[in-house]
Every structure is written in structure tokens, then in C-alpha cells.
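> A predicted structure for the sequence below; I have some questions about it.
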Amino acid sequence: MDKLAILGGTPVRNQNLAYGKQSIDEEDIERVVRVLKGDYLTTGPYVKEFEEKVAKYVGAKYAVAVANGTAALHMACFAAGISKGDEVIVSPITFVASANCVLYCGGTPVFADIDPVTYNIDPKEIEKKITEKTKAIIAVDFTGQAVDLDEIRKIANKHKLFVIEDAAHALGSEYKGKKVGCLADMTAFSFHPVKPITTAEGGMITTNNKELYEKMMIFRSHGVTRDSSLLKQSDGPWYYEQLELGYNYRITDVQCALGSSQIEKIDDFIRRRRQIVSRYNQAFQNLKEITTPFEAAYSNSGCHIYVIRIKPKLLNATREDIFRALKAENVGVNVHYIPVYLHPYYRELGYSVGLCPNAERLYDEIITLPLFPKMTDQDIVDVINAVKKVIDYYSKVRC
Ligand SMILES: *Cc1c(COP(=O)(O)O)cnc(C)c1O
């Protein structure tokens, strides 16, 4: 192969490829336009329709759609009753949202290290972090691979904890043959454009618990209700009451019309994602210098992101060198994630390096490759060729 683009050679691609991206078709657009021409722009019939479709798809009784995935997690923490003095066990290898939501409620995030093989929070590490103050576990289905819910449930039952699943990566993923979304006490989804389906911004909680559902419905809209069975009194037909300190976390009907159209396509999206992953896995199986993703026997992943892990001992390069070289080949790489507690805000709160060694080691060695349903077969070949070209160049074990 020719010289690396970073050294002045010709790049594998002449145009940048994103690492993740939405799939919107004409039908999606038509449904959105129909709402714009109708009577409701925000809370209207499509919110309910979208909630019902997602609940049915994942096999949950209730769903509450909100403005974004972070609002969904915040709402779940509120419904779980997280408040000052409470500890919530969270994963370090994720986006900052899940730990932040504990802080929003006045609680303390307690980071439990990941399993070095699945990269998900390790149930054994959860157990070690439990104290008298622990109230909940927020477990993230990293890359779309479900966390080991049976093990986490056992721990939660023993210590009377809520299980909140952050399934921002995992709509359509399965755990032991069941869809993610019907197994935890509350499961949070995100519909940001890079996620399994999109509403531009958007999020949802699914649950089988009526009491939690009712708390979330109130929280979504300022803590206000018109439900006569919940009112303390009634001054007349105009009357409503604020019962909790809620937020305006409502999602619009415009967005839910898009979501309602997108959810019908989720299985097609996942089929394509899995196909791309299997091509990557096959192409990289003989590259000794990298580790490809591991899928546990209990998991059937929706394959949200594809994370490779470099083996520094077999390479004359750091992760940064490889990342920069792939970028120069016009492959849209990314890193998921910086351990949450290493961000300056968390360090100010007293968290420090060394807290979760497996997470920190992983962070030093990972690169996310492009993966989204609209990738063409040529895009897949380009990514494979770029990875092989860069790894070959920096390999210590080949020439
Ligand atoms: C995207 C994401 C979120 C936040 O979702 P938003 O809709 O962007 O607020 C939370 N957790 C994880 C793991 C995510 O990937």
C-alpha cells in the first residue's frame, strides 16, 4: 500500500466519512410535514402514538417521551427518589449524562469499574461499591451490548435498589432473547441523530411500574397535573395543581411523528448495522495488533458503535498516532469514552485518577470506527482498507 496520508501519501478516501449518522427517508419527511400542517405542534397525538409504539416494540407497559435522553435519565432518577445523601452506582465508560443526572438530584455518583472484556459495568465491582446509602444502579449498555441484567438484578434485589438502564445505545438490542426496555425498573433511550433511531433531539423512559410511570408523567411537565384523582382540591374545571418540582421536558409532536416513522424501521437499521459489524470482524480477525468487539452469549446487540482496541505492545504508535492517521485517511474516527470522573468538573468534586483502572486502561487504547445503516459497501471497504493500511504501517510484528 502507498504512504500514509498523514505522511503526505494519498488518502484511502477523498471525502470524510462520519462515524455515525441518521437515516431519514421520504416517508419520515412526509409524516413530519403532515404535523406541521395540522393543529398540534407540541404535545398532541403523535407523542402518545410514539410512546405506544416503542413500549410495544420493547415489551414494556408504559413509556414517557421527553425532550432528550438526558432528561429521560433525570426523570428516572427523580422517580427513583434520588436526593441529597443518596449514592447511585454508575459506569465510568459512558457519556457524562448518567452521572450528571445523579448530581442534578443532589445525589452522589459512585463509579464502579468495567469488565475488561465486555467494557460494561462489572457486577462484581458494583457489589464492592454498595453502602448503606446506595439507592440505585445506572447501568449503560455500552455499544449496544446489554449489561448483565440478571446479575445486576440479583444485587439490586438483595440491597433493595432501583435498576435504571441507560439504553441510549441499545434500542432493539436483546438480553437473553428479550428486548432491552422491559427488564430494568426504568430504561432510558435517546433519539439524538447518531442513536439507533432519531427525533433530532428526544428521549424516552420505558417501565412496567405504574407508580414510577405516574411520577414521570408529572415530572415531565413542571410537576403539574390535571388528573382529578391526584388533586388535593378543585376550584373548578380550569383547575390544575403543582405537586412536585418538575421541569419542562416535553417533546414536540413534530419530533414524535418522526420517531413514530423511524421506529418502524429499527429492525432494518439493526440488520444493516450487524452486517457491517460482521464484515469488520471478518476483515480484522487476523490483525493481531487490535482487539475487535466481544459479544457475550446473553447479548444480541443492536451494534450502535464499533470500538476497536489497540495493543500498544505490538505497535510503534500510540492510540493518538493511529487516530490521527485514520483521520488523515478521511475515516471519521471517534473515542467513546473519556472516563466520566476524569473530567475537570468531577475532579473538582474529588474524584481522581486510579479510581477505575480497567476503564482508564481501556480509554487509552480505544478508537470508534464509522458504523451507521446508510454506509455504502464502498464505505465499508474504505474503512477496512484504511485500518489495515495504518496498522500495517505501525506494526512491530510485521513489515
Ligand atoms: C447520547 C447518550 C446520552 C444522552 O442522550 P441525549 O439525548 O443526547 O441527551 C446518555 N447516555 C448515553 C450512553 C448516550 O450515548
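Thanks, I have the structure now. Remember, it's a predicted structure, so these values are computed and weren't measured experimentally. Numbering: from 1, shown residues only.

> What segments of the stretch 1-150 of the chain are strands?
Counting by DSSP state E, counting those that start in this stretch, one finds strands in the stretch 1-150 of the chain at the ranges 62-66, 87-90, 108-111, 134-140.

> of those, which approaches the ligand most closely?
When those are compared by Cβ to the nearest ligand atom, strand 134-140 sits nearest the ligand, at 5.0 Å. C-beta coordinates here come from the backbone N, C-alpha and C atoms, glycine included.

> What count of nearby residues applies to residue 376?
9 (other Cβ atoms under 10 Å).

> Tabulate the strands of the stretch 1-150 of the chain in a markdown table, adding columns for mean pLDDT, distance to residue 75 and mean neighbour count.
Output for the strands of the stretch 1-150 of the chain, formatted as a markdown table (pLDDT from 0 to 100; distance: least, Cβ to Cβ, whole Å; neighbours: other Cβ atoms under 10 Å):
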| stretch | mean pLDDT | distance to residue 75 | mean neighbour count |
| --- | --- | --- | --- |
| strand 62-66 | 98 | 6 | 26 |
| strand 87-90 | 98 | 14 | 25 |
| strand 108-111 | 98 | 17 | 21 |
| strand 134-140 | 98 | 13 | 26 |
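
> Could you dump the ones you listed into CSV with distance to the ligand added?
CSV is the format used below for the strands of the stretch 1-150 of the chain (distance: least, Cβ to the nearest ligand atom, whole Å):
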stretch, distance to the ligand
strand 62-66, 9
strand 87-90, 11
strand 108-111, 13
strand 134-140, 5
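
> Tell me which residue is most central in the chain.
The chain has residue 168 as the residue nearest its centroid, 2.7 Å off, counting by Cα atoms, centre = their mean.

> Ramachandran angles for that residue?
Backbone torsions for residue 168, taken as degrees, to the nearest 10, come to phi -60, psi -30.

> Equivalent analysis for residue 346, please.
Taking degrees, to the nearest 10 as the convention, residue 346 sits at phi -70, psi -40.

> pretty sure the residue nearest to the centre of the chain is touching residue 69, no?
Yes: here residue 168 lies in contact with residue 69, judged by Cβ atoms under 8 Å, at a distance of 4.9 Å.

> Give me the nearest residue to the closest residue to the ligand within the chain, chain neighbours excluded.
Across the chain, the shortest distance to the ligand (Cβ to the nearest ligand atom) belongs to residue 69, at 2.5 Å. In this structure, residue 69 finds its nearest non-sequential neighbour in residue 190, 2.7 Å apart by Cβ to Cβ, 6 or more residues apart in numbering.

> Just give the number of residues close to that neighbour.
Counted with other Cβ under 10 Å, residue 190 comes out at 27.

> That one and residue 38, how far apart?
From residue 190 across to residue 38, the span is 26 Å (Cβ to Cβ, to the nearest Å).

> if we can go back for a sec, can you give me the neighbour number for the residue of the chain closest to the ligand?
25.

> Show the pLDDT at it.
Predicted confidence (pLDDT) for residue 69: 98.

> on that earlier part again, and for residue 168 and residue 69, which residues touch both?
97, 188-190, 192, 195 (Cβ atoms under 8 Å, 6 or more residues apart in numbering).

> Among those, which ones lie close to the ligand?
97, 190, 192 (Cβ under 6 Å from any ligand atom).

> In which helix or strand does residue 217 reside?
Using DSSP states H and E, residue 217 maps to helix 210-220.

> any idea how far residue 65 is from residue 9?
From residue 9 to residue 65 the distance is 48 Å (Cβ to Cβ).

> wait, isn't residue 248 in contact with residue 219?
No: applying Cβ under 8 Å as the test, residue 248 and residue 219 come out as separate, 10.4 Å apart.
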